[in-house]
Each structure stands twice: as structure tokens, then as C-alpha cells.
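Asker: kindly return the folded structure for what I paste below:
(one chain, ligands or ions: 1)
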Amino acid sequence: MTRVFRIEAAHRKIISKPDLLNFLTFLDSNGVELPVLLMDADKMEKKALAMGRNIRNSKVFYAVKANPAPDVIKLLDGLGLNFEIASEGELEILARAGVGPERIITSNPVKTFKFLRAAEKYGVRYFAFDSRDEVDKIASIIPGANVYLRLSVPNEGSEWPLSRKFGVEIDEGAFLASYAKQKGLNPVGITFHVGSQCTNKYNWNNALYKAKVLWDLAAKKGIAFRVLNIGGGYPVKYTRNVVDIEDIEKNIDGLIYELFPKDIEVFIEPGRAVVGDTGVFVSSVIGKSVRGDENWLHLDVGVFNGLMESVGGIKYSYIVEDNPEGQVKQWTIAGPSCDSFDVIDTNVALKEPRIGGLVLVLSCGAYTISYASEFNGFSIPETIVIRGV
Ligand SMILES: *Cc1c(COP(=O)(O)O)cnc(C)c1O
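Answerer: Next up is the predicted model:
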């Protein structure tokens, strides 16, 4: 069967025509069950290798929670990336891939006992913290561990803010650094997260200025930091254009060079930017209806089995299989479950597809499958990493 897809200019910034054809050829020749998440290995490789390229003395730790599929981990491991994890489950995935403990850090400031015990056993030695209780916990399970403070920073300009849950202010941070040292831990530095899908490159400036104040205050107390962990937050294109990672990094690099000692180590923890725009959900239309004055389009992938971030405001781009009889209409797009929460988007202009026609949801490589559940019995789509032909 030949399928026709019309790619608009805006889509081409996310997926090129040859790459799309490559995905479709793969689908047709492999009898793949839908919905499925197809990931482009070549693009992922390019994105992964671009991380940190414009920041001096930097080391990249891929945030595993963005997409922990074994084939994704294998590819990134092969490129020499390091990893950031938060749980024994993520540690297990890395252990199975043969990633050594010296390439793993943990930036979740509040960890479970079970995870700390597993990390101790495996040999992981870098952990974030932002409270006295966490110092006590880490010190009791992993004496002498390297720890870095999670600093609270503004999350303006991020579509997925993370600021409220974690992080301390400067004075409390300086106190905690001394406390950690007193408890036998090794306070090595500072971390922060500007918020995920951060589209304002100056957000990192606010964070860096604040980190600099804490850095100097700790030095006055006799604690010489050497690690600055700038977290994640690099954006990908969903519908709107976003600032280039190169721009973001040059800006960060310049400021770090100006503010901090020249021999520090910079850790970067991108998740979304490594995998987000390298994956496409291939779903199909399972129903159409008109309710009141709304046109509804029902897909076999929804909020529960992959598109959870839509609820938090992420708006995806769609390419529908062409239907010669279709007219362009405004759609409310829903997933397959019986829950009325299962609505992915509203007011999306699309040419009306056929029932059974394919709908490609772009930029679905991050925070989709890792969030998915089998609610209502709809299975979680398989992830397939494919290479260009
Ligand atoms: C989630 C997370 C990341 C990755 O964030 P992205 O916005 O996906 O780049 C990095 N560090 C920490 C501590 C995180 O919690």
C-alpha cells in the first residue's frame, strides 16, 4: 500500500522527508504492530554528540528517565555518554547494559533507602542533596560519598517547571555543605535545574549567578567546590521553534568562564534534548465524532499510554496520512481509554483523516513511554530504534 503524507515546512524542522520515508518503509516491511514509537538512531547520535560541545571542561550525563529503552541506553553508552539516575530500576537498566559505576551520578535530592543501598553496592559515588536528613541518610549508607547541593533557581521560561519541589536557598546551602563535611561526606559542588523544555537561554544566567554566590560562601567556610552541575532543560521543537542548543551552551560557557575558577568540572544532564525530537509515535485513527460544535479525533495512543505530557501543556505536531476527500478542520484529539482525562490536544487544524489512517505524532522520544501505563488495558507501545538505510 502506498501512503501519502504531506509534510509542511514546520514539520521539516523536526523530521526530514527522507527520514520520514525511512520510518514508513520500515513500518511497511516489518509488519510492526501499532501504535509504536520509532526512534531515529542517526539523529539521536547527532544530538547526543552535540551535548556539551560548546561548554569547556564539560561531561555529559544523560538523564535516563527521559527514555530508558535498552536500545537507547546501548546507543548512548556506545557514544561514551555518562548517565544520571534516580532509582534502583534505572540502575538495573544501566547494570544490564554494562555501564560502570564511575559513569553514573544521582541528582534526585531525596532518595529512597532501597536505592541508596543498591547504589552503594554497585559503587555509585555522586549524589545530590538539599536537606540535613538526606545528609544523614547518605552518610549512614555510603560514608565518604561525593555530594552536591541542589540549589533552588527560577524556572521562568520553562514549559515543564521543576523549581518548587527541590532546592535550597544560598544561606541554607552553605550551612548544609558544612554539615555534610562534618558528617564525613565530601561536598564537591552545586547543582540546579532551570526546568525542563527551557526556552529562555537567559534562565541559565540567573542560576549561574546564584550558584556563584553559594560557591564563594562555601569557599569562605573552607569548602573548596570543584563540580558545577547545570542539570538538564535544553529544549526540543514540538510546535514552536526553540533556541538552538549551541546558543544556549555558548552563553552558559561564557558566563561560567567569567564567574568560576578555570579548572572546575561542568556536569550537564540533558534528557529531553538527547532523545525528544528523535522519536515519532505512529498511531492510527480509531474513531471520529462530532459533539456539539467540536470535531473529535480518537487515536490509539493517548494520555495514559504515552502522551502524558500533553496534560502539562506540551503541544505536539501531527502529520496525518493523506485522505483525498478530507477537508481541513479543527480537532479535539483524544486517546483510546474511557477516561475523559484522556484528551491530548484541542483546536488542532488537520485535514480530516480516514478511519484506520496513520497519524504521526512528532517529537515523542522523551517522557512518553517512560511515563506510560497500561490503564484500561491499552498496551504501552513498543520502542524501536532504527538506522537509516
Ligand atoms: C529530569 C532531570 C534531568 C533532565 O532534564 P531535561 O529537561 O529532560 O533535560 C536532569 N537532571 C535532573 C536532576 C532531572 O531531574
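Asker: contact distance from the ligand - what residues of the stretch 101-250 of the chain qualify?
Answerer: Near the ligand, the residues belonging to the stretch 101-250 of the chain are 107, 193, 196, 231-234 when assessed by CB under 6 Å from any ligand atom. All C-beta spots, glycine's among them, are computed from the backbone N, C-alpha and C.
Asker: so which of those sit within strands?
Answerer: Among those, the ones falling in strands (DSSP state E) are S196.
Asker: out of the residues of the stretch 101-250 of the chain next to the ligand, which end up buried?
Answerer: 107, 193, 196, 231-234 (16 or more other CB atoms under 10 Å).
Asker: which of those residues lies closest to Y318?
Answerer: Proximity of those to Y318 (CB to CB) peaks at S196, which lies at 21.8 Å.
Asker: so the closest one sits right up against R272, yeah?
Answerer: Yes - S196 is within contact range of R272, at 5.9 Å (criterion: CB atoms under 8 Å).
Asker: list residues touching both of those two?
Answerer: Here S196 and R272 have 232-233, 367 as joint contacts, going by CB atoms under 8 Å, 6 or more residues apart in numbering.
Asker: in terms of pLDDT, where does the residue of the stretch 201-350 of the chain found nearest the ligand sit?
Answerer: Closest to the ligand within the stretch 201-350 of the chain is G232: 2.3 Å, counting by CB to the nearest ligand atom. Note for G232: predicted pLDDT of 97.
Asker: what's the pLDDT at the residue lying farthest from the centre of the chain?
Answerer: The centre of the chain is farthest from one residue, E325, which by CA atoms, centre = their mean lies 38.5 Å away. Reading off the confidence values, E325 has pLDDT 92.
Asker: looking at strand pairing, list the partners for the closest residue to K329 other than its chain neighbours.
Answerer: The shortest distance from K329 to any non-neighbouring residue, by CB to CB, 6 or more residues apart in numbering, is to N295 (5.1 Å). N295 has these beta-bridge partners by DSSP bridges: V290, W331.
Asker: ok, N295 - how many residues close by?
Answerer: 16 (other CB atoms under 10 Å).
Asker: mind listing what's buried in stretch 324-336?
Answerer: For stretch 324-336, by 16+ other CB under 10 Å, it's 331-336.
Asker: outside of it itself, list whatever touches it.
Answerer: 286, 294-305, 307, 318, 342-354, 376, 378.
Asker: just the buried members of those?
Answerer: Of the contacts of stretch 324-336, these count as buried by 16+ other CB under 10 Å: 295-305, 307, 318, 342-345, 348, 350, 352-354, 378.
Asker: for the stretch 1-150 of the chain, which segments count as helices?
Answerer: Under the criterion DSSP state H, counting those that start in this stretch, helices of the stretch 1-150 of the chain are mapped to 9-12, 17-30, 41-50, 70-78, 88-96, 113-122, 132-141.
Asker: wait, which of these is closest to R3?
Answerer: helix 17-30 (6.3 Å).
Asker: present the buried ones among the residues of the stretch 101-250 of the chain next to the ligand as JSON lines; the columns should include distance to I314.
Answerer: Shown next, in JSON lines, are those (distance: CB to CB, whole Å):
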{"residue": "S107", "distance to I314": "22"}
{"residue": "H193", "distance to I314": "17"}
{"residue": "S196", "distance to I314": "10"}
{"residue": "G231", "distance to I314": "19"}
{"residue": "G232", "distance to I314": "15"}
{"residue": "G233", "distance to I314": "14"}
{"residue": "Y234", "distance to I314": "15"}
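Asker: show me which pair in those is furthest apart.
Answerer: S107 and Y234 (15.2 Å).
Asker: sorry, back to before: surely the residue farthest from the centre of the chain forms part of a helix?
Answerer: No - the assignment for E325 is coil, going by DSSP: H, G, I helix; E, B strand; the rest coil, so no helix is present there.
Asker: so D345 is in which element?
Answerer: strand 343-351 (DSSP states H and E).
Asker: mean confidence score for that strand?
Answerer: On average, strand 343-351 scores 96.
Asker: relative to the whole chain's centre, how far out is it?
Answerer: 24 Å (CA atoms, centre = their mean, to the nearest Å).
Asker: neighbouring strands for that strand, and are they parallel or not?
Answerer: Per DSSP bridges, strand 343-351 is paired in its sheet with strand 328-334 (antiparallel).
Asker: picking that back up, OK, contacts around the residue of the stretch 201-350 of the chain closest to the ligand?
Answerer: By CB under 8 Å, 6+ apart, the contact set of G232 is 63, 193, 196, 268-273.
Asker: from the residues you listed, which land in helices?
Answerer: Using DSSP state H, 272-273 are the members of these that sit in helices.
Asker: show me where the stretch 251-389 of the chain has strands.
Answerer: Using DSSP state E, counting those that start in this stretch, the strands of the stretch 251-389 of the chain run over residues 265-268, 279-291, 294-299, 318-320, 328-334, 343-351, 358-361, 382-386.
Asker: mind checking which of those is nearest E172?
Answerer: Using CB to CB, the nearest of these to E172 is strand 265-268, at 21.8 Å.
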